[in-house]
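>>> Pasting the sequence and the predicted coordinates here, then a few questions.
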Amino acid sequence: MKMDVVITVNGRNYRASIEPRLLLSDFLRDTIGLTGTHVGCEHGVCGACTILVNGDSVRSCLTLAVRANGMDIMTVEGLGTPDHLNALQTEFREKHGLQCGFCTPGMLMTAMDLLKKYPLASDEEIREGLSGNLCRCTGYQNIVAAIRSAVSLRNGSAS
């Protein structure tokens, strides 16, 4: 049995008839071809699959696609383009907040959620907010610096 869904992803409506057990990460990657959302642990632990659903960060590897019917989703592809990065992507680039890049989409989406909801007044708050996202390459220092700089931009001060 398949179910019909309409899911808005990065401002575009996608209609599909899908299996009820299809994961949202697989819908994004395999059904509509947006491969920026990475799948790492498939247990919701690593954060690589983090996306925004109705503005809140969600682990797409733990969410059934049918649950996203009628929802508004943003993936890393919705943030900017290689020629026109958004402010957070620019700070990740400028502050060298990535190495291999595997965790980067999830880090960016988590950071977008954090920037929207929290003051992030200290590096400790940023680190706590990122605690559900794992990176095996960077040691987090440059990721925290990139988000700290984005906080400064958000607050209207120079970093």
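Okay, I see it. Since the model is a prediction, treat every value here as computed from it, not as a measurement. Numbers count the residues shown, from 1 in each chain.
>>> Now residue 103: closest residue in space that isn't a chain neighbour?
In space, and not counting its chain neighbours, residue 103 is closest to residue 135: 4.5 Å by CB to CB, 6 or more residues apart in numbering. For every residue, glycine as well, the C-beta is placed using N, CA and C.
>>> Which helix or strand contains the one you found?
Following DSSP states H and E, there is no helix or strand that holds residue 135.
>>> Is it correct that it is in contact with residue 110?
No - checked against CB atoms under 8 Å, the pair residue 135 and residue 110 is beyond contact range at 11.3 Å.
>>> ok, now which ones touch the nearest residue to residue 45 once chain neighbours are set aside?
Using CB to CB, 6+ apart and skipping the chain neighbours, the partner closest in space to residue 45 is residue 134 (7.2 Å). Residue 134 makes contact with 40, 45, 46, 47, 48, 103, according to CB atoms under 8 Å, 6 or more residues apart in numbering.
>>> any idea how far residue 24 is from residue 81?
According to CB to CB, to the nearest Å, residue 24 and residue 81 sit 23 Å apart.
>>> average model confidence for stretch 25-44?
Mean pLDDT, stretch 25-44: 96.
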